[in-house]
Structure formats: structure tokens, C-alpha cells
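1. The following comprises the amino acid sequence and a computationally predicted model.
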Amino acid sequence: MPRVTELRLFAVDLPFKVTVRHAAAARTTSESLFLRARLDDGTEGWGECLPRVYVSGEGRDQAFALLRETVLPALVGRSFRSLGDAVSFLEKCDGKAPPEWVRPETPQTSAWCSVDLALLDAFGRAAGEPVRPGPAAGPAPPDALRRYRYSGVVSAGHGWRYAVSLLKVRAFRFPHVKLKVEHDGSLPAARTARRLLGRRVDLRVDANMAWDAEQALEVIGQLQAVGIRSFEQPVASGDLDGLARLVRESSAGIVVDEGLTDRDSLQRFIARRACTGANVRISKCGGLVAAHARCREALDAGLMLQVGCQVGESSLLSAAHLTLLQALAPLTPGVRYAEGCFGRHLLREDPAAPLVQFRYGGRPPRRPPGAGLGVQVDLAALQRHTVDQASVT
């Protein structure tokens, strides 16, 4: 029975080719955590997460400390009979550490994502099986990913740099484009985008909590005139009254992102009718197994589903992203928007191989073949950008 014998944690700053700006942050590196799990038979598996305080309540230092001091010491020595046994454990955890390890109210879903992926990858490799997010996922049809198209994402901005970004997106022929906007200037930014991208592009907005409800209603009305119908996190994640008001008083799609991390948070949004759509991201939702559960719950509630990413994911998390999309492909109505697999479109160096990134027209890459998540992490490349590390045995 394979057993976890060593866990090695890396705090990593993968540099970006450009600065990514929106209302909640400006970022030039990934600010990631990578986790290597080694089994007693020598098999290794890797996990990755990107903690964000404004998303799941976890800064990287906090997540690093929680893993090093509490979670990883409890995980060392655990054994699982099979990949299915590991998946069953993760399903029971549902995106968080067991409550006897960490109090459930402690922010931890991003940190747990690294554990989820490292266990899936390690025990998948030990069994010689590709990862699936759970028995309920079932086998995906071989052409499942062909139905998806990835969205282009444009950082908040103005002037000629903003116009150049839009023209690059246009040249790549994305069918869907998401505009990051700030507190002010969203209408001229949207008008510029519509003029440069044309009427056929499905254009939507991510405000990253830029407005209060009153401001949001005014801006939504203005932007609908430009043909924008979907608005992601227009107000603070905890303002359920404001979100519910936007759903009632506008005809726009209101998508929640920040604050949607676990089952309870999703159910609050649903119960309060505080959204019409949900953005599920593996890193913020506790890993692949829990993200799959949140996607199914969102679809069951009649929400529009977007499967997103954290800015700066490597090809390791992108491989997990493709695994999730494959599992959701048979469901109706399924995923409306997919964001991720940026690879070296954004990163100066990606430490995972093969490179997993979208292609011309937003077409998805192929899921890497082989056991586990199908990618290998180059330790030397990772350590070039490592700012802290810890080993637990």
C-alpha cells in the first residue's frame, strides 16, 4: 500500500511577461506554492496553488505556514490502497483539511489545492492511471476538449498600451474576451474594446469588486449599451444584499468569483439569489476534486458556469484544468466560458512540461497523456524562482 514519506514545499515567484492589473491587485509574478509528495516506492507527484487574500482569505505566507506547520505533518505517513482510495479521501475532505487537522473556518482552500493535486498526481502515477476528479465524473469522450474555446483576458488600462493589448487579442481571434476594469473608466475602456474587437466577439467584464451596488447598477446600464451582458464580481464578495439587488434590478448576468471557495459559500449565493453565474477555479476551491463538486452544484442550481484560473498558473495546474473540463463535458448545459492554460503566453518560464497552453483561436491544448496529471516539474527551473522552501518527513 503506497505511503507518503516526504513532502517538500516551495514558495515560487514565476515572472510574467507583462503586468496584470485589475481593481483588486497589480501583479508581475505568480506568487505560487508548489508541493512535491514522495511515496515510499519512490513515486513523486506535484501540486500547485496560488493563494490570494482577496479571493480565499489566504496570503502566500499564511498558506505556507499552515501547510508546513499543520497540514503536511499530519499528511506524512498516510497511505492509500489506490488512486480511487485517495480520491475518496479528497471527496470526504471536500476542499479542506480534515477538521481534526485544521478548524474548518480557517481560510485554507487554496493551500489544500496543493495537497489535492499532489496526492492525485502521486497516486495516479503509482497506479499507472490518469487522474479523474471522482467516480461521478466517468470517462470523458476522446474529443471532449474540442468543444471548448478559451477566452482572451485583457488587463485594465487605457491609452495606446491598452489598444495594443486589444489588437493582439483580436489577431489571436478569441471568440470570447473578458475585460478587467477598475473603479473608473470602464465605459470608455469597453467602447474602445468593442470598436477594436468588433461586434461578433462575446465581450464580458470582470470588476473585481470595484463598485458598490448603486455604482454597479449605473455602470451595468451603460455597459449593456455596448453589448456587454455578463458582469463578474461587480461588488464586494460579502455584499450578498448588493449582489441580490443587481440580480433583481438588472437584466445582466451577475457572476460570483471572489468569496466562492467552498460548498457553504456557493450555497449562500444560491440561497440568496445573489448570482446568475459562478466562476469556479481549482486553486481557490480546494483542488480538482472539490472544484468538480462545485461545478456540478452550480449547474444543478441553474447557474451559468465559468471554469477560470488564477493568474500565473503553470502547466501543472493547466493540466488539472483540462482534466476538469473533460469531466464536465458530458453535462448539460455545461461550461459556458473557460479561462486558463496561458502557459508562456504569460509566464517567462514555465517549470512544468509539456507546455500546456491554448492555441490560436482559443482552441484548447491536448491533455498531457500518461499517468497522474501527465506533466513533469523541472526542479532546477522551479528553484531558480524559489524564495522559500520547507521539507516535512
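-> That came through, no problem. Residues are numbered from 1 along each chain as shown.
2. Surely Gly242 and Met209 touch.
-> No: Gly242 is beyond contact range of Met209, at 10.3 Å (criterion: CB atoms under 8 Å). C-beta here means a position set from N, CA and C on the backbone, and glycine is covered the same way.
3. Need the overlap of contacts for those two.
-> 235-236 (CB atoms under 8 Å, 6 or more residues apart in numbering).
4. which of the residues in the worst-scoring helix or strand of the chain on mean pLDDT are buried?
-> Of all helical and strand segments in the chain, the minimum by mean pLDDT, DSSP states H and E falls on strand 25-29, at a mean of 83. By neighbour count with 16 or more other CB atoms under 10 Å, strand 25-29 contains the buried residues 27, 29.
5. Can you name every helix or strand that that strand contacts?
-> strand 15-22 (3 or more CB pairs under 8 Å, 6 or more residues apart in numbering; DSSP states H and E).
6. Give the helix, strand or coil label for the residue nearest to Pro333 when sequence neighbours are not counted.
-> Using CB to CB, 6 or more residues apart in numbering and skipping the chain neighbours, the partner closest in space to Pro333 is Leu299 (7.2 Å). The local conformation at Leu299, judged by DSSP: H, G, I helix; E, B strand; the rest coil, is helix.
7. dump the residue contacts of Leu299.
-> Per CB under 8 Å, 6+ apart, neighbours of Leu299: 305, 331, 333-334.
8. can you rerun that using 10 Å?
-> Applying CB atoms under 10 Å, 6 or more residues apart in numbering to Leu299 gives the contacts 278, 305, 328, 331-335.
9. Could you do Gly128 as well?
-> 83, 370-372.
10. buried residues in the helix or strand where Ser110 lies?
-> Using DSSP states H and E, Ser110 falls within helix 109-127. Within helix 109-127, the residues scored as buried using 16+ other CB under 10 Å are 109-127.
11. picking that back up, which neighbouring elements make contact with the next helix-or-strand element following the least confident helix or strand of the chain?
-> Later in the chain than strand 25-29, the nearest helix or strand by DSSP H and E is strand 32-39. Packing partners of strand 32-39 (3 or more CB pairs under 10 Å, 6 or more residues apart in numbering; DSSP states H and E): strand 4-12, strand 44-49, helix 60-66, helix 72-75, helix 109-127, helix 315-328, helix 379-384, strand 386-392.
12. What strands line up against strand 32-39, and which way round?
-> strand 4-12 (antiparallel), strand 44-49 (antiparallel) (DSSP bridges).
13. just so I know, which of the ones you listed lies nearest Val87?
-> Val87 sits nearest to strand 44-49 of all the strands paired with strand 32-39, at 13.3 Å, using CB to CB.
14. Could you figure out how far the closest one is turned away from helix 109-127?
-> If you take axes from the mean of the first three to the mean of the last three CA atoms, to 10 degrees, strand 44-49 sits at 160 degrees to helix 109-127.
15. I'd like the next helix or strand past strand 44-49.
-> In N-to-C order, the element after strand 44-49 by DSSP H and E is helix 53-56.
16. what about that following helix, distance to the chain center?
-> Mean C-alpha position of helix 53-56 versus that of the full chain (CA atoms, centre = their mean, to the nearest Å) differs by 12 Å.
17. Quick check: mean pLDDT of that helix?
-> In this model, helix 53-56 has an average pLDDT of 94.
18. and the gap between Arg170 and Leu67?
-> Using CB to CB, to the nearest Å, Arg170 is found at 42 Å from Leu67.
19. And for Thr19?
-> Applying CB to CB to Thr19 and Leu67 gives a distance of 28 Å.
20. do Ile282 as well
-> 17 Å.
21. sorry, back to before: can you pick out the residue with more neighbours from Arg170 and Leu67?
-> Leu67 (26 against 16; other CB atoms under 10 Å).
22. any low-confidence regions in the chain?
-> Residue ranges of the chain with pLDDT under 70: 22-25, 135-142.
23. can you tell me how far the residue of it positioned farthest from its centre sits from Asp85?
-> Distance from the C-alpha centroid of the chain peaks at Met1, with 31.9 Å (CA atoms, centre = their mean). To Asp85, Met1 is 9 Å away according to CB to CB.
24. what's near enough to touch the closest residue to Thr109 other than its chain neighbours?
-> Using CB to CB, 6+ apart and skipping the chain neighbours, the partner closest in space to Thr109 is Gly286 (4.1 Å). Going by CB under 10 Å, 6+ apart, Gly286 touches 49, 56, 90, 93-97, 108-113, 115-116, 261-263, 293-294.
25. One more pass at 6 Å, please.
-> 95, 109, 112-113 (CB atoms under 6 Å, 6 or more residues apart in numbering).
26. next one: Met209
-> 233, 236.
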